[in-house]
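> sequence plus predicted model, see below.
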Number of protein chains: 2
Amino acid sequence: MTKARVVIEGLSPQVDCGRFPARRIVGDVVVVEADVFTDGHDSVAASVLYRHESETQWHQMPMSFLGNDRWQGSFNALKLGRYLFTVEAWVDHLESWRRGLAKKVEAGQDVEIDLKQGAALALAHAGRVAAADADRLREWASALTDPVREREQRALLAQSEALHGLARRSPDPVLVRRHEPPLAIEVERERARFSSWYEMFPRSAAPHAGEHGTLADVEALLPYVASMGFDVLYLPPIHPIGETERKGPNNRVGASPEDPGSPWAIGSREGGHKAVHPRLGTLEDFRRLLASAGALGLEVALDIAFQCAPDHPYVREHPQWFLKRPDGSVQYAENPPKKYQDIYPFWFECEDWQGLWAELKSVFEFWIAQGVRIFRVDNPHTKPFAFWEWVIGEIRRAHPEVIFLAEAFTRPKVMYRLAKLGFTQSYNYFPWRNSKREIIEYFTELTSRPVCEFFRPSLWPNTPDILTEYLQFGGRPAFVTRLVLAATLGASFGIYGPAFELAECRARESGSEEYLDSEKYQLRSWNRDDPASLRDLIARLNRVRRESPALRGDASLKFHSIDNEALLAYSKVSGDDSILVIVNVDPHHAQTGWVHLDLAALGLTEDAPYQADDLLSGARFLWRGARNYVALDPAGTAAHVFRIRRRVRTERDFDYFM
Amino acid sequence: MTKARVVIEGLSPQVDCGRFPARRIVGDVVVVEADVFTDGHDSVAASVLYRHESETQWHQMPMSFLGNDRWQGSFNALKLGRYLFTVEAWVDHLESWRRGLAKKVEAGQDVEIDLKQGAALALAHAGRVAAADADRLREWASALTDPVREREQRALLAQSEALHGLARRSPDPVLVRRHEPPLAIEVERERARFSSWYEMFPRSAAPHAGEHGTLADVEALLPYVASMGFDVLYLPPIHPIGETERKGPNNRVGASPEDPGSPWAIGSREGGHKAVHPRLGTLEDFRRLLASAGALGLEVALDIAFQCAPDHPYVREHPQWFLKRPDGSVQYAENPPKKYQDIYPFWFECEDWQGLWAELKSVFEFWIAQGVRIFRVDNPHTKPFAFWEWVIGEIRRAHPEVIFLAEAFTRPKVMYRLAKLGFTQSYNYFPWRNSKREIIEYFTELTSRPVCEFFRPSLWPNTPDILTEYLQFGGRPAFVTRLVLAATLGASFGIYGPAFELAECRARESGSEEYLDSEKYQLRSWNRDDPASLRDLIARLNRVRRESPALRGDASLKFHSIDNEALLAYSKVSGDDSILVIVNVDPHHAQTGWVHLDLAALGLTEDAPYQADDLLSGARFLWRGARNYVALDPAGTAAHVFRIRRRVRTERDFDYFM
């Protein structure tokens, strides 16, 4: 039982009833909404309370009424880390009184008693505010009931906004309700939302075919990567590789001595997760690579794959971290009937699980100490959720700038859970969403609540494990289409190169998504200067992305209607920046159609012309109204990336017109 | 940090993150669902735990897998009151092992070591079960590893469902996770969901015009009400009526001495909320009315209007329960600029609010002691939410069979909140949803989650306060249409009679929804034997409702497509009972159209004929397939209420066919 009559419901943003934080980036205005209402006709008032986790005092921001009992307020997320927020609300008797008084005055009713009621309310508030404010409230109360003044003058005085503001800041505490417990917002740096990734194997970075690439070779290729406009260079594991059960080219069982093995079979006599593969170089080489990359605006992301080759020092030093089979051998990875005898998984349920978790955390800390701030986590869905929530929480508490990309190619609910518990970005089903209908359905889900509050997709048209059939059989146009989609549908995207820019499309076998002669198991030599390379298109797209605030987020994504099942139209808007993308998803045929734009979503009106500048081709179109014709041929670049310019120079812009 | 690797998410049913119970009736099977999954490839298992609030031990029911990580279980709600439920889940290593073993055996792999692993798992379980079961598990373990047996025989033994069931009931406690806190289900009697209400003013029950009706007169009319098939007889307040500021006919200010006043202006020298108006009779008359009604299958519902006329004994005995104006007078009800000087609201924020709340609770208890079990609560949205949650909770704890109907004609969120916190049923926007589009939109909202979990609409085409323009101007066909809609769209519905069955449609003034010469302010005399009365149609509809399980709930409501904006088609299904309703919502013109049925929703197939029996007209149609023609003329009964009979006698039913 309580005297507080106000109700607070439906707070947003909110993920799983507050179990997880919503995600934002530094500089975001966090918009908070809630249903706030009370019984009867009384007025209510509400505030957002918020604080950074490092603060002890709440800040307060008044909320405003949106309609249908919905209230809105906001605060600025200025610092990395976690913010807490909640809503406080109360019945605002002074406002009820003021509203009623205005109606009575308008209806010509006698308000003498009402003015006395207002004075009593003001005096009650005076007891709860600072002395100077209390004096003003008392003066006001006596003016309201001053028989010398005209009644109209007093009724007018009753509407004083300043005095009501004063009173509103000091509601009667017994009438105030606060939503408990507070909700959380996790604030990350901008790269958490907006990032362009380039993945490459250091082993194939050597300038001459047949040589094993080194970190120094990677350093030499940094200008190449930077010239395409990327800001993250992601390297598969750089650690020593196991020899026992090592796989040969094309994942063959039984490697020859010169085969380099898979970088994900981590650990040998030469070290484990905290060591650099001797053929790649030294820890010092790695630190130098980081510095050189930084100078070009590139961050280096490392791959964290928590599994061991049989030769990993952990297997010898911490046998208790691995499940034993009844014959005394260590349990290798399996997904029956498949066996991965070159990989030992950690036993997360072992007796010494706390020792194991602590050691795995120290792997992140080791690389953070070298300067790494971005990790791509291999198969996080095969390690316990509770482990990730703990380790990401611990790391981010000390280093809130660290970014984790989840390689969560798994079932939807598992993928989303990993995002909720802390992964910054995630791989997702983009590689297999190729038709117009699939793309609209999936990206509508990703950019709608609840998913958009906690999940940040990173769009990869290919990875070393994924050469989709669309890319295998669609030729160069398929690569162009998937690239444009990845770079514009997603504020974060990445490619695995040079396989991507060189349009490598040979699969190991029919029906497989594995590359033929994959770098996972052997060295490759690439002709990065191939004139057919997509590097110029990539560079142009990354420039457009950098220059367009609209493409730096996914929240504004909006699909527009277009009367052809092979043509996809969508826009992103931020402030004055409007980007409209039209893509032909059929890599085989030219397609034409009429797009029917949602003009309001683009900030346009039916009666004013506007300009559509194609940022890829340089072509400019003068359009007017919602319906416009488009034709896209895979023989050229089967996509338009338009910047919509609302103000168009027409004859009306000249002085002499009129 | 925890070893338990399983995750439980998205439990349903759930209202506002578990803040409120979901609502069911006795006999319902409560279906519980949750997302249950873990990392990696391990199997998981889950159970529903449930108990009635009066029990201390949980009951356990295994859940089964639906797909996409969703699991489902259920329990039977056998008792009135509150049930608690939650979900428990764990990684099921024995099941993972069994599944893997089957795949390995199928792939022809050596499983000798796997059989040993299974034996070890069985022995671990043996330590957690009763002696007899433990013996069986141990025997099984030794059989699995018995070198004398054929390996195929042992692999077969490993698949034993009985032994896995045994093990599954005793998971390792450190691997078990339970969703906390438990969620609640409020279980009410069937009338909470399925009820047919008839409202009448006792004051107009007298056999002769001009006489003031009595409770005895109401008793004499019970057969009339029962003949129409109603099961709830709802009476406006039967208490003494205030004299100060009493309103005259048509809500005129200044009543003459013989005017009876509004029954909602409760309280005079003759008593308040626990008294019977002397002109209606005595408490004894009331108890006799209850008994007579019960004998005819009718429950009497009382009106609870928590407000006072200035003459109410409370005003004198408990002046602290009323807000004073600065001139010392009691604050009357107002919604500026409107004033209701004949009504004093209670001051729920007063110092003695706990005394006030306790007294109001005792009003319910008084009438419960007389035998009343259904209350219609007047304007609940003008009293604090916390009060209702408290008082309904208290009453239902002692009397879980009590039903509360909220007269919550207010904004949507307020209406829903009152339902969440305990009101059994609620008035709603049905009176103003007249077009096909409005009805489909509103009833889709009402029968979808989250609303359907906590809100039970009661559909009233009219009330003493609401004579809609549709009824004012639509003539008799409008009454027929709204009646059919109310009785079939809603498992609970009601009418205010005899105004409704006699199609009273005269409003006080243009633009008003008030009845002319409303019984709220004066006596009325009604010709209940008018041959134009809708009583036979009402009786027929109520018979259909009683005989149709499909019409006893709203959950199965499904709209079907029909190519005419004035024709509405919808169905309800329960087991074998399928009702299809087609209504012409245009009271002025005959309408025809082709309905396109969702055959699957009706349990029909495209290739088998079926019979549509019109339960109103007695006509029978033999239909086949989804598309069928309908024609409905307001000159007749502008609605079909079909029972769909799936099995139709055709020539194939006869022995000689074939």
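Yep, it's here. If you're wondering where the values come from, they're calculated on a predicted model, not measured in any experiment. Numbers count the residues shown, from 1 in each chain, chains lettered A, B, ... in the order given.
> the helices in the stretch 51-200 of chain A, which residues?
Ranges of helices in the stretch 51-200 of chain A, per DSSP state H, counting those that start in this stretch, are A:93-106, A:112-126, A:131-144, A:151-157, A:161-168.
> likewise for the stretch 451-600 of chain A?
Going by DSSP H, counting those that start in this stretch, the stretch 451-600 of chain A shows helices at A:469-489, A:535-547.
> adding mean neighbour count and distance to chain B, write these out as TSV.
Backbone N, C-alpha and C define where each C-beta goes, glycine included. Listed next are the helices of the stretch 451-600 of chain A as TSV, based on neighbours: other Cβ atoms under 10 Å in any protein chain shown; distance: least, Cβ to the nearest Cβ, whole Å:
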stretch	mean neighbour count	distance to chain B
helix A:469-489	22	24
helix A:535-547	18	34
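> and those helices as JSON lines, adding mean pLDDT?
Formatted as JSON lines, those follow (pLDDT from 0 to 100):
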{"stretch": "helix A:469-489", "mean pLDDT": "97"}
{"stretch": "helix A:535-547", "mean pLDDT": "98"}
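> got a markdown table for the ones you listed, with distance to A:Ala358 too?
What follows is the helices of the stretch 451-600 of chain A, written out as a markdown table (distance: least, Cβ to Cβ, whole Å):
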| stretch | distance to A:Ala358 |
| --- | --- |
| helix A:469-489 | 38 |
| helix A:535-547 | 40 |
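> closest to A:Ala216 out of these?
helix A:535-547 (22.2 Å; Cβ to Cβ).
> near chain B, which residues of the stretch 301-450 of chain A are found?
Selection of the stretch 301-450 of chain A residues close to chain B by Cβ under 8 Å from any Cβ of the partner chain yields A:325-327, A:334-337, A:348-349, A:353-354, A:357, A:381-386, A:390, A:411-414, A:417.
> so of the helices of the stretch 51-200 of chain A, which one's packed in deepest?
The highest average neighbour count among the helices of the stretch 51-200 of chain A, using mean count of other Cβ atoms under 10 Å in any protein chain shown, belongs to helix A:112-126 at a mean of 20.
> just confirm yes or no for that one near chain B.
Yes - using Cβ under 8 Å from any Cβ, helix A:112-126 reaches chain B at A:113, A:116-117, A:120.
> so how far is that helix off the chain centroid?
Remark: helix A:112-126 is offset 51 Å from the chain centroid, using Cα atoms, centre = their mean, to the nearest Å.
> between helix A:131-144 and that helix, find me the angle.
Orientation check (axes from the mean of the first three to the mean of the last three Cα atoms, to 10 degrees): helix A:112-126 against helix A:131-144 gives 170 degrees.
> what are the phi and psi angles of the residue most central in space within chain A?
In chain A, the centroid-proximal residue (Cα atoms, centre = their mean) is A:Arg456; its distance is 3.3 Å. Here is the backbone geometry of A:Arg456 (degrees, to the nearest 10): phi -120, psi 110.
> hang on, it packs against A:Lys420?
No - taking contacts as Cβ atoms under 8 Å, A:Arg456 lies outside contact range of A:Lys420: 11.6 Å.
> convert the strand of greatest length in chain A to PDB, retaining C-alpha atoms only.
Using DSSP state E, we find that the single longest strand of chain A is strand A:81-91. C-alpha atoms of strand A:81-91 as PDB (Å, rounded to 0.1, in the frame of the first residue of the first chain):
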ATOM      1  CA  GLY A  81      31.300   2.400 -19.900                       C
ATOM      2  CA  ARG A  82      28.000   1.800 -18.300                       C
ATOM      3  CA  TYR A  83      25.200   4.300 -17.600                       C
ATOM      4  CA  LEU A  84      22.300   3.600 -15.300                       C
ATOM      5  CA  PHE A  85      19.000   5.300 -15.800                       C
ATOM      6  CA  THR A  86      15.400   5.200 -14.500                       C
ATOM      7  CA  VAL A  87      12.300   7.300 -14.400                       C
ATOM      8  CA  GLU A  88      10.700   9.100 -11.500                       C
ATOM      9  CA  ALA A  89       7.200  10.400 -11.700                       C
ATOM     10  CA  TRP A  90       4.500  12.000  -9.500                       C
ATOM     11  CA  VAL A  91       1.100  13.500  -9.400                       C
END
